Each structure stands twice: as structure tokens, then as C-alpha cells.
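Asker: Sharing a model prediction with you, sequence too.
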Amino acid sequence: MAIDQSEVEQHAPGELDVLRIKSDFPILSRTVHDKPLVFLDSAASSQKPRSVLQAMDTYYETINANVHRAAYTLAEEATNAMEAARSKVAAFIGATDANEVVFTKNATESINLIARSWGVANLEPGDAILLTHLEHHANIVPWQQLAAQRELEIRWIPLTADCQLDLSNLDSLLDGVKIVSLTSMSNVVGTITPVRAIADAAHAAGAVVAVDACQSVPHLPTDVHQLGADFLSFSGHKLLGPTGIGVLWARKELLAAMPPFLGGGGMILDVRLDGFVAAEAPHKFEAGTPPIAEIIGLGAAIDYLNNLGMEAVRQHEMALTAFALEHLSNRFGDRISLYGPQSAELRGGAMSFAFDEIHPHDLSQVLDQHGVCVRPGHHCAKPLMRLLGVGATARASWYVYNNEADITALGDALEAAGEFFSF
Amino acid sequence: MSGLEDLYREIILDHYRSPRNRGELDSPPAVRVEGFNPLCGDEIVVYIDVDDAASGDAAVVTDIRIGGQGCSISQSSASMMSAAVKGRSIGEIRDLTKSFKSMMSIHEEGLDAETEPQEDSAGAELKLGDLEALRGVVKFPVRIKCATLGWNTLQQGIDEALSS
């Protein structure tokens, strides 16, 4: 698979120098089955630049100590490094107060925290929760668990044929709703949802709004206030950061009124035999030793993205998405079905598709032989799969280190898969 | 793509293209069970008619149908399985299942370090026949769950049939 680098340069979308960016990611120089790695599964988990790996190493090699616990220099430096990362996260999402940033294990834990803490304290039998048909299981199951316990009703915002939210009945859907929890960008079909419009309607109806921003925070400029969010969750590992670190941002009045989630060390002011006094947010929600190295790694990932500029990241991915839509449909015509909005402005770079009636699992197996990583399966969104009328899709997704050559390589591998399975 | 040809043998693709015993049986009297592969979304439905369930391992699976959707490996494995077990006694099916899972390197009695597949698995009285074509799946560990989905679902169906 010869990649014509001059052509790549010539067609490089957006303002990003993708070849230089690729060289920042050690893993991207490896081969798979003797083919160059073409990594197109960043919607599941992104790769990590050297600077993130080095930041975590430096922590362990120079300042490793538990945070918020001791008066010695290492502990103070570790605490400062962790809290500096908290401030970076806050600034990255437009939050005005770093104490509104709670570190969790991942976005799944963030959403469970909302359901278990805010939900249990604020929802009464008969109250309704509004979700959408686009949601990841992480933004469905915690609410189903809570609904079963508290006798709550779950409602769903339906979709249009191209997987956008159908808001025609939003006002009646909102009647009696206490919380709207929705994705800002679909992990399956890439749809960018109109969070602000929904938040305005939800607030007018007396509901709070939780945003599952796992797919959007890594790929779009984010401002929690412009979005109108009350809660916002995302994971570090989809954002060039390490696994094991997630974020819950919430308005500080909400955090202040919410009961703690997990109990233990670090989340208390005082413990007596007959009870405890919880610490202030965010520590109230951070029981136990946090993933310090991962938090510092997340901070380094945010530095990396800030250096690129999130507006440039978005422009790059929009151009790449437009190229993919055009290239794949021109090349394969009716042989390929590209799910979701057909305009790059309306979507991010997570693209589910069906090809030649080859099952996604078989398709990705053949693609892997060409070094091309795409994900087959239901993408933790079985209700959406049922709506699309499929058991699974293949999904390609791109990020700052992908370019048109990667999309073309996907096309080449699809061609080969089509020949392999030609019945 | 030599590795791929080990996985996608012609007979596997044949069963995928033309699945045997595809469809449904009236349930009841047939037992209907669903199996899911949560990793890839494959769903399989197995219907079996069991004659004289009270006689335990001597009872016979007189008819079988396979429904659902999935990849070539899960669908072809279920198709070959249906052809292999139809008309067999529960005892024979248990042996066949054991042989098949042994070929897939899934040993129910503890961890076995054996990695080289053996031509004849100990205790198996039935030849795997066409099912031998699935031997290449062990080279692709992620796909073992696809190959065993139908079998696990059948096992569940047999348990249900015998307990009802």
C-alpha cells in the first residue's frame, strides 16, 4: 500500500500538519500483519502522544506521592500537579471554577454519579427522565436502574431518517421531566445534537440537563455555559489521554446540594462513630486515592490539543468527514451505506457503515489483515442498532492524526474485502 | 492473506451462504432459546424438538431450527451444528459439544495448557466432520465466541427441555 505523501500534503484538510502529528504518536509507526497501522477507531479510544506518556512517567519518576495527605515536598508537588490538571480541564470546557470539575474513573462513572447522587436526591416516583434514541448504554442503563428503583418514567427523543434528533414533540415530551440526559455527539453515527436548543426548552420546563460529551469534547471546542449544560461528562482516553480517568463537570450549586457518591477517605471533613461530615465539592465525590498519574496525563493531553487549537481540530475533522463521505460513496456507490447525517457540518468523525452485505465482524477481520482498525459491533448502542434495523455496524472514526490517506486505505481494504467475500 | 483463508474455509462460507435448518419451530412444543454475543451484537435463536425428554441423555433431538443474525462464523457454526445434532440423542450431542469446544480450546475442567489441537479429543465418540473446518478459528481468539454462540445456546435449550 504505497501512500503518495506529496498527494497527502497537497490535500491535507484543515490547518493541521497531520504528518508531524502522526510522528508524535509512537504507536502509529508500528505495523500490523506487515502493513502500516491505519488506526480508525478513535471513537472507542484514541492513541496517546509521547507528551502524555512522558508526563505520566515524569510524575512517577520525580514526584510520586499520595495527594492531599502529607506535608512533605513530593506530596505537595503531586497535589499541585493534579490540581493544575483540574484547572486545565476546567478551562478546556469553559468552566469558570475548577472546583466544578470532579475526577471519576470514566464517563460511565460520571453518569452513574449523576444518577445515584443527584437522581436519588431529586427524583420522586412518577417523575420522568428524557433520553434520546442515540444514546450509548452508559447513558441508558444507569437511568433504567434508577427508574426501576424509584418508579420513574423514561422517555425518548426519536430520530429522523438521517439520525438527527426529531424535536417536533419536544414540549410534550418534556412535560413532567426532571432531567434530560443526552449525547452531544453520537458515537455510532456522528450526529451533533442541538444541545443548547434542548437545554433552553428543558430549563423552561423546569428540568436539568446532563450532557454525555464523550465524543464531542475531544473533537469540538466546548463551553459548558454556551451549551446550557448543568452536568457534562467525558472520558480522558478518547481525548489523547490515558484510560482510567473521567470527568464530571456540574454547576457548583448542584454539586453543593448533592449527597456524596462513594464513601471513604478523601471525601470527608470529619468522621465520628455516629456519622461523618462530607468535604466540599469536588473532593466530596472523590473518595479514595485518585488516579494521579492519569489525571496528570489528561492535563498533558489537553495541553497537546490546546497547542493544535480545538477550532483547527474541528475544521480538520470536518474536512476529513466530508472527504470520507464523498470518497466512499463515489467509490462504492450502492455497495456502501453510510449511516447518519450526510453533511459534515452536522456530524463528527464517527461513521458507521454497511458494505456489500458483509457482516461487520467479518469485514473488520479482513480490514485488520490490511492494518486497518475499524470497530464492528453494536457500539454499546443496541436501541439505536434496532432502530437502524441491524444487529451491528462497522464503524470507522478519525482524529487529529488521521488524514485522507487513511480514508483511502480504508477504501482499498474495503475493496479487498469485497473481493474476498464475493459470492 | 493466508491467515484469512484458514478462518474462512470454503465450507464455512457455504454454510453462511446457504444455512441449513434455518427458520422456526412452533414453540411450544419446541423449546426456544436466545443467545447473545454482547461483544459484536450477534443474536442466535435455537428451536429444538426433544422426543421423550423424561429419558434424559437418551432423549432425542428430533428437529432443530436456527434463527437470528450474525457473522459468517457464528452463522455457519450454528448451521453445521444443526446438521450434526439433528436426530442425535442428548448424550451424543453432549459428546459432540465437548469435542467441538475442545477443538476451540475451551476446556470445561480447568485450564489446560494444551495449545496444539489434537486429531481426536479424548472421550469424543463422534467425529466432528464438517465442523473440523472451524478449527482455524482458534487462531483468531476473538472469534471463538462467535463459533461457540450456537453451541452454548443449544446447551441452554437442552437444559430447558430436560428440566421441563
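Answerer: Nice, thanks for sending it over.

Asker: Enumerate every residue touching B:A78.
Answerer: B:P19, B:I44, B:V46, B:I66, B:G70, B:L149, B:G150, B:T153 (CB atoms under 8 Å, 6 or more residues apart in numbering or on different chains). For every residue, glycine as well, the C-beta is placed using N, CA and C.

Asker: List just the nearest of these to chain A.
Answerer: Chain A has its nearest neighbour among those in B:G70, at 6.9 Å by CB to the nearest CB.

Asker: Apart from its neighbours in sequence, what residue is nearest the closest one?
Answerer: B:D42 (3.4 Å; CB to CB, 6 or more residues apart in numbering or on different chains).

Asker: who's in contact with the spatially closest residue to A:F25 that is not a sequence neighbour?
Answerer: Leaving aside its chain neighbours, A:F25 sits nearest to A:Q47 (4.8 Å; criterion: CB to CB, 6+ apart). For A:Q47, the contacting residues are A:F25, A:I27, A:L28, A:F39, A:L240, A:Y399, A:Y401, by CB under 8 Å, 6+ apart.

Asker: How is A:Q47 assigned, secondary-structure-wise?
Answerer: Secondary structure assignment for A:Q47 (DSSP: H, G, I helix; E, B strand; the rest coil): coil.

Asker: if I look at it, how far off is A:K238?
Answerer: In this view, A:Q47 and A:K238 are 11 Å apart by CB to CB, to the nearest Å.

Asker: confidence score at B:E109?
Answerer: Per-residue confidence at B:E109 stands at 46 (pLDDT).

Asker: need the residues of chain B near chain A, please.
Answerer: Residues of chain B lying close to chain A by CB under 8 Å from any CB of the partner chain are B:1, B:3-4, B:7-8, B:13, B:17, B:39-43, B:69-73, B:140, B:143, B:146.

Asker: rewinding a little: so which of the contacts of B:A78 are in helices?
Answerer: Secondary structure from DSSP state H places B:L149, B:G150, B:T153 of the contacts of B:A78 in helices.

Asker: Quickly name whichever of those residues is closest to B:P29.
Answerer: B:T153 (18.5 Å; CB to CB).

Asker: Would you confirm that that closest one contacts B:N37?
Answerer: No. B:T153 lies out of contact with B:N37 (CB atoms under 8 Å); the separation is 10.1 Å.

Asker: Residue 52 - how many residues pack around it?
Answerer: All of this refers to chain A. 28 (other CB atoms under 10 Å in any protein chain shown).

Asker: was after chain B, sorry
Answerer: Neighbour tally, B:D52, other CB under 10 Å: 11.

Asker: Just list the residues touching it, thanks.
Answerer: B:D52 neighbours (CB under 8 Å, 6+ apart): B:A58, B:A59, B:V60.

Asker: for it, phi and psi?
Answerer: phi 60, psi 60 (degrees, to the nearest 10).

Asker: Please apply the same query to A:I268.
Answerer: Backbone geometry at A:I268, expressed as degrees, to the nearest 10, gives phi -120, psi 160.

Asker: again, but for B:L25
Answerer: The phi/psi pair for B:L25 (degrees, to the nearest 10) reads phi -120, psi 150.

Asker: Show the pLDDT at it.
Answerer: On pLDDT, B:L25 comes in at 91.

Asker: Please list the residues of chain A that sit near chain B.
Answerer: Proximity of chain A to chain B is confined to A:33, A:359-362, A:365-366, A:369, A:376-378, A:382, A:385, A:391-392, A:416, A:420-421, A:423 under the rule CB under 8 Å from any CB.

Asker: Swap in 6 Å and give it another go.
Answerer: Selection of chain A residues close to chain B by CB under 6 Å from any CB of the partner chain yields A:H359, A:H361, A:D362, A:Q369, A:P376, A:G377, A:H378, A:G391, A:A392, A:F423.

Asker: And the residues you listed, which of them are buried?
Answerer: A:H359, A:H361, A:D362, A:Q369, A:P376, A:G377, A:H378, A:G391, A:A392 (16 or more other CB atoms under 10 Å in any protein chain shown).

Asker: The fifth one looks like it's in a strand, true?
Answerer: This means A:P376. Yes. Applying three-state DSSP, one finds A:P376 inside a strand.
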